[in-house]
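*Asks:* Predicted structure and sequence below. I'll ask about it afterward.
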Amino acid sequence: GAVVSQHPSRVICKSGTSVKIECRSLDFQATTMFWYRQFPKQSLMLMATSNEGSKATYEQGVEKDKFLINHASLTLSTLTVTSAHPEDSSFYICSAKRASGNTIYFGEGSWLTVV
Amino acid sequence: AQRVTQPEKLLSVFKGAPVELKCNYSYSGSPELFWYVQYSRQRLQLLLRHISRESIKGFTADLNKGETSFHLKKPFAQEEDSAMYYCALSGYNQGGKLIFGQGTELSVKP
């Protein structure tokens, strides 16, 4: 089956620094990738839709200058949390949609802790 | 507004008992509805989607447009069904963008 991989799975960074999370589709091309944020035992909140070769579309209330999304290729999207604060600590999940078909595949998620 | 509501945060049943996880939605149009499951320490995975009308691991869900519901059911719960279950909605021509409910933790006791 199709696999979506996120890296790193866990990261700790200091307040004020930036951290990058990668989302890769390992065996298929993904024209669209999605970034979600999930708090413990709560729902996934869609942050942005990432389209290959174009600017990401951010959901209302998500700061585009803080959460930089780049989708440089059909197999890679990155989320960079800039000037991280402790309140940015969360579980970030990406999903990818195949270039052909409508099936969505989820990554395993990345835990970010800002200290 | 697009919204998915799962009224129960936690549902606890005994093995062999019937299970129904509730999901209601709000959407102006014809949405596609999904159930996703997240087992402990694992990634989110698709359980079923309403257009498939299939049964996965004994679970079924019927879209009721009149009641705007998509409840997930299983006649006999198993311990391995214990997990977080998320109902999700996607509008047609929205390119796979999913709106999730709050999730229901199902705990099946022996």
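*Replies:* Now that the structure is in, tell me what you want to look at.

*Asks:* Look up how far chain A lies from residue B:30.
*Replies:* Separation of residue B:30 from chain A (Cβ to the nearest Cβ, to the nearest Å) stands at 14 Å. In this view, the C-beta of every residue, glycine as well, is placed from N, C-alpha and C.

*Asks:* Give me the mean pLDDT for stretch B:66-82.
*Replies:* Mean per-residue pLDDT for stretch B:66-82: 96.

*Asks:* oh, I was asking about stretch A:34-47
*Replies:* Mean pLDDT, stretch A:34-47: 89.

*Asks:* Any buried residues in it, and which?
*Replies:* A:34, A:35, A:36, A:37, A:38, A:43, A:44, A:45, A:46, A:47 (16 or more other Cβ atoms under 10 Å in any protein chain shown).

*Asks:* Go ahead and confirm the fourth one touches residue A:89.
*Replies:* Yep, that's residue A:37 we're talking about. No: under the criterion of Cβ atoms under 8 Å, residue A:37 makes no contact with residue A:89, lying 10.4 Å away.

*Asks:* Regarding residue A:87, what is its secondary structure?
*Replies:* With DSSP: H, G, I helix; E, B strand; the rest coil as the basis, residue A:87 sits in helix.

*Asks:* so how far is residue A:9 from the nearest residue to it once chain neighbours are set aside?
*Replies:* Spatially, and ignoring its direct neighbours in sequence, residue A:87 is nearest to residue A:114 (7.8 Å; Cβ to Cβ, 6 or more residues apart in numbering or on different chains). Computed as Cβ to Cβ, to the nearest Å, the residue A:114 to residue A:9 distance reads 16 Å.

*Asks:* Of these two, which one has the most company?
*Replies:* Using other Cβ atoms under 10 Å in any protein chain shown, the more surrounded residue of residue A:114 and residue A:9 is residue A:114, with 20 against 12.

*Asks:* That one pairs with what?
*Replies:* Beta bridges link residue A:114 to residue A:13, judged by DSSP bridges.

*Asks:* and it, what does it touch?
*Replies:* The contact partners of residue A:114, by Cβ atoms under 8 Å, 6 or more residues apart in numbering or on different chains, come to A:12, A:13, A:14, A:15, A:84, A:85, A:86, A:87, A:88, A:89.

*Asks:* what's the closest of those to residue B:84?
*Replies:* Within the contacts of residue A:114, the smallest distance to residue B:84 is 19.9 Å, found for residue A:89 (Cβ to Cβ).
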